[in-house]
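Trainee: fold the following and give me the result.
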Amino acid sequence: MQLKTITTQPYTDQNPGTSGLRKKVKIFQKPGYLENFVQSIFDSLEDITGKTLVLGGDGRYFNRQAIQIIIKMAIANGFGELIIGQGGLLSTPAASHIIRKNKAYGGLVLSASHNPGGPDEDFGIKYNVSNGGPATEKYTDAFYKRSQSIDSYKILEMNDIDLDSLGSQNSNGVIINIIDPVTDYAELMASIFDFDLLKQTIGSGKITLLFDAMHAITGPYATRILVEMLGASSDSLINAIPLEDFGGHHPDPNLAHAKELAEIMFSAAAPTFGAASDGDGDRNMITGDNIFVTPSDSLAIMTANAHLIPAYAQGLSGVARSMPTSQAVDRVAAQLNIPCFETPTGWKFFGNLLDAGKITLCGEESFGTGSNHIREKDGLWAVLFWLNLIAVKQQSVEDIVHEHWRTFGRNIYCRHDYEAVDLTIANDLITHLRDLLPTLAGQSFGDYTVKYADEFSYEDSVDNSVSKNQGIRIGFDNGSRIVYRLSGTGTVGATLRIYLEKFEPDATKHNQDAQVALTELAELAERFCEVKKRTGRAGADIIT
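Mentor: Residues are numbered from 1 along each chain as shown. The predicted structure is shown next:
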């Protein structure tokens, strides 16, 4: 074994987005590209000598090769212990839990989340801090700054580590623990939910289910928990074997990409409950027999019923949602008389609120929900929450949703995604909207009178940090909203997300189709931003 210091030159494009650095695999395979970014992370951290680092990923293409490189760099940079998921696998929620359980210094999670995988597709890496949550902007800014001046990286010349054999090994004085990626997480879930009730309800046939792992990381987790621990039949799982290219599919749990699940759930053969998770296991889609539950409604319903779940029986300290997420949970929080925080998009913004005990549940409209059990969103946790809820209430998913709307009203909600928009066009569009904002307040457009028009800025109530330019909001007197935001999770061009929301208190109108109910708002959204006109597109790439 030989410690080497390799001379390198900076890459100019290593600025982490909302959840780490995501690029095409071929970019990460450029000489020194991965190494530069990893070294920039290590150089930006304080006092790592002898500390514990957790390492794992979602199993996408380049995962194993990247882990071997990072192992050699972590040893060279002085870490004292590495905890690695068997086969290099760890779901993002499991990684968060393992960091917290082992009081690790931090962890590197290799994933591009819900983005496609394969030799010509996406790869990603992010750093999670000691609380198990994603690095905040203080860290990511430091990583980027260091990446722009880096001139060398440290790596140990050594044989690759056996990632498939469980147990401990010693390499150059560093303890390397290869752990089962599922066991710790499964034990955590059993401590939160009523597994005895779930096993009884599933075993009796009162709950039938279908879970789509999308050939991604949650396959082994769902097999262990849903099948082996709770007694669901093996054919309750589809696409349960993780593949490097996710079977050629897009591992994004929505109605467009989880097509196989959706077709079954909206057919005469639909089971009681259907769900899907994404590439790294932190997102979820919830469906019932012929009904889709929007992530915004899901967060609100979970908040309203959390007292029925063992871990939350004593009540919630508060809730939080990302700014584009619908205001449905706000109405629940008001009735429960608990705080409701509105944060920018990005799970890292929930971390301070969770650590300070100000919130118990949190969620984003982008199919992510979570709680104070870890510091990431958690797909299987949300699935188990809904299963536990169905078992206690002995109602269908549809009945639970409609009961909620009758109690709180319905926030009719939709998101339009324009993907891979030319960056110049996207930036010009946002500039156009910014210039338009001061002219809108007080103006009426049909049934919609503008109450406010601004660009969202967030001041953290724990550390007083300020995050500006977090999305453009146009709110109306009747509680409706249009929100525009450029997403930071893509790898080509920019993704423009347009969010439409209309509050409907009248129960006789709760069952109307969201696209029909939001037609006028959609027309206003185009009138304001001109995305179709500017891009020449007929409509959004994905509507959810």
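
Trainee: tell me which element the residue lying closest to Pro438 once chain neighbours are set aside falls in.
Mentor: Spatial nearest neighbour of Pro438, chain neighbours left out: Ala453 (7.6 Å); criterion: C-beta to C-beta, 6 or more residues apart in numbering. Glycine gets a C-beta too; all of them are placed from N, C-alpha and C. Ala453 is part of strand 448-455 when elements are defined by DSSP states H and E.

Trainee: what are the buried residues along that strand?
Mentor: Residues 448, 450-451, 453 are the ones in strand 448-455 that count as buried (16 or more other C-beta atoms under 10 Å).

Trainee: okay, the residues you listed in CSV with pLDDT and distance to Thr544 next?
Mentor: Below are the buried residues of strand 448-455 laid out as CSV (pLDDT from 0 to 100; distance: C-beta to C-beta, whole Å):
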residue, pLDDT, distance to Thr544
Tyr448, 95, 22
Val450, 97, 25
Lys451, 97, 26
Ala453, 97, 25
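
Trainee: which member of those is positioned nearest Ala333?
Mentor: Checking the buried residues of strand 448-455 against Ala333 with C-beta to C-beta, the nearest one is Lys451 at 20.6 Å.

Trainee: list the neighbouring strands of the lowest-mean-pLDDT helix or strand in the chain plus their orientation.
Mentor: Every helix and strand in the chain was compared by mean pLDDT, DSSP states H and E; the lowest is strand 542-543, with a mean of 86. Counting by DSSP bridges, the strands paired with strand 542-543 are strand 410-421 (antiparallel).

Trainee: for whatever helix or strand comes next after the partner strand, what is the distance to the chain centroid?
Mentor: Proceeding N to C from strand 410-421, the next assigned helix or strand is helix 423-436, under DSSP H and E. Its chain's C-alpha centre and that of helix 423-436 lie 26 Å apart, by C-alpha atoms, centre = their mean, to the nearest Å.

Trainee: now do stretch 475-487
Mentor: Distance of stretch 475-487 from its chain centroid, counting by C-alpha atoms, centre = their mean, is 22 Å.

Trainee: contact partners of that stretch?
Mentor: 18, 323-324, 327, 345, 417, 426, 430, 433, 447-453, 470-474, 494-503, 521, 524-525, 528-529 (C-beta atoms under 8 Å, 6 or more residues apart in numbering).

Trainee: could you pick out the buried ones from those residues?
Mentor: Buried subset of the contacts of stretch 475-487 (neighbour count, 16+ other C-beta under 10 Å): 18, 323-324, 327, 345, 417, 426, 430, 433, 448, 450-451, 453, 470-474, 494-503, 521, 524-525, 528-529.

Trainee: in helices only, show me these.
Mentor: Mapping the buried ones among the contacts of stretch 475-487 onto helices (DSSP state H) picks out 426, 430, 433, 521, 524-525, 528-529.

Trainee: out of these, who's nearest Ile202?
Mentor: Nearest member of these to Ile202, counting by C-beta to C-beta, is Leu521, at 40.6 Å.

Trainee: now the nearest residue to that closest one once chain neighbours are set aside: how far from Ala453?
Mentor: Once flanking residues are discounted, Leu521 sits nearest to Leu500: 4.6 Å by C-beta to C-beta, 6+ apart. Per C-beta to C-beta, to the nearest Å, Leu500 is found 15 Å from Ala453.

Trainee: try Ala232
Mentor: Distance, Ala232 to Ala453, using C-beta to C-beta: 49 Å.

Trainee: Glu520 now?
Mentor: 17 Å.

Trainee: just list whatever residues bridge to the residue lying closest to Tyr448 once chain neighbours are set aside.
Mentor: Counting by C-beta to C-beta, 6+ apart, Tyr448 lies nearest to Phe476, which is 4.6 Å off, once chain neighbours are set aside. Beta-bridge partners for Phe476, by DSSP bridges, are Val450.

Trainee: before we move on, back to that, and the next helix or strand past the strand holding Ala453?
Mentor: strand 458-459.

Trainee: packing partners of that following strand?
Mentor: strand 466-467 (3 or more C-beta pairs under 8 Å, 6 or more residues apart in numbering; DSSP states H and E).

Trainee: neighbours around the residue nearest to Tyr448, how many?
Mentor: Using other C-beta atoms under 10 Å, Phe476 is surrounded by 22 other residues.

Trainee: equivalent analysis for Glu228, please.
Mentor: 13.

Trainee: helix, strand or coil: sort out it for me.
Mentor: Classification of Glu228 using DSSP: H, G, I helix; E, B strand; the rest coil returns helix.

Trainee: endpoints of stretch 150-166, how far apart?
Mentor: Taking C-alpha to C-alpha, to the nearest Å, the first and last residues of stretch 150-166 lie 36 Å apart.

Trainee: ok, now stretch 246-259?
Mentor: 14 Å.

Trainee: what lies in contact with it?
Mentor: Contacts of stretch 246-259 (C-beta under 8 Å, 6+ apart): 60, 114-118, 212, 214-216, 239, 262, 275-279, 283-285, 292, 367, 379, 542, 544.

Trainee: helices - which of these land there?
Mentor: Per DSSP H, the contacts of stretch 246-259 map to helices at 262, 379.

Trainee: Lys533 falls within a helix, correct?
Mentor: Yes: assignment of Lys533 by three-state DSSP places it within a helix.

Trainee: tell me, how many residues neighbour the closest residue to it other than its chain neighbours?
Mentor: In this structure, Lys533 finds its nearest non-sequential neighbour in Glu526, 7.8 Å apart by C-beta to C-beta, 6+ apart. Neighbours of Glu526 under the rule other C-beta under 10 Å: 15.

Trainee: just Asp463 next, same as before
Mentor: 11.

Trainee: and the pLDDT at it?
Mentor: We note a pLDDT of 89 for Asp463 in this prediction.

Trainee: next: Gly488.
Mentor: Reported pLDDT for Gly488: 58.

Trainee: wait, which of the ones in helices among the buried ones among the contacts of stretch 475-487 is closest to Gly203?
Mentor: For these, the nearest to Gly203 is Leu521 (45.7 Å; C-beta to C-beta).

Trainee: list the contacts for that closest one?
Mentor: 448, 480, 482, 500-502.

Trainee: between those, which sits nearest Gly133?
Mentor: Here the nearest of the contacts of Leu521 to Gly133, counting by C-beta to C-beta, is Glu501; it sits at 27.5 Å.

Trainee: how many neighbours does the nearest residue to the closest one once chain neighbours are set aside have?
Mentor: Distances taken as C-beta to C-beta, 6+ apart put Arg481 closest to Glu501, at 4.5 Å, once the chain neighbours are dropped. For Arg481, the tally of surrounding residues (other C-beta under 10 Å) stands at 23.

Trainee: please report the distance of Arg481 from Gly446.
Mentor: Distance, Arg481 to Gly446, using C-beta to C-beta: 16 Å.

Trainee: over to Gly379?
Mentor: Distance, Gly379 to Gly446, using C-beta to C-beta: 39 Å.

Trainee: so between the two, which is more surrounded?
Mentor: Remark: of Gly379 and Gly446, Gly379 carries more neighbours, 33 against 9, as counted by other C-beta under 10 Å.

Trainee: show the contacting residues for the residue lying closest to that one once chain neighbours are set aside.
Mentor: What sits nearest to Gly379 in space, not counting adjacent residues and going by C-beta to C-beta, 6+ apart, is Ser277, at 3.5 Å. Residues near Ser277 by C-beta under 8 Å, 6+ apart: 211-214, 216, 218, 222, 253, 283-285, 379-380, 383.

Trainee: ok, back up a step: which ones are touching the residue nearest to Pro438?
Mentor: Contacts of Ala453 by C-beta under 8 Å, 6+ apart are 436-438, 440-441, 472-475.

Trainee: tabulate those in CSV, adding columns for distance to Ala514 and pLDDT.
Mentor: Below are the contacts of Ala453 laid out as CSV (distance: C-beta to C-beta, whole Å; pLDDT from 0 to 100):
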residue, distance to Ala514, pLDDT
Leu436, 26, 97
Leu437, 26, 97
Pro438, 31, 96
Leu440, 24, 97
Ala441, 27, 94
Ile472, 22, 97
Arg473, 20, 97
Ile474, 19, 98
Gly475, 19, 97
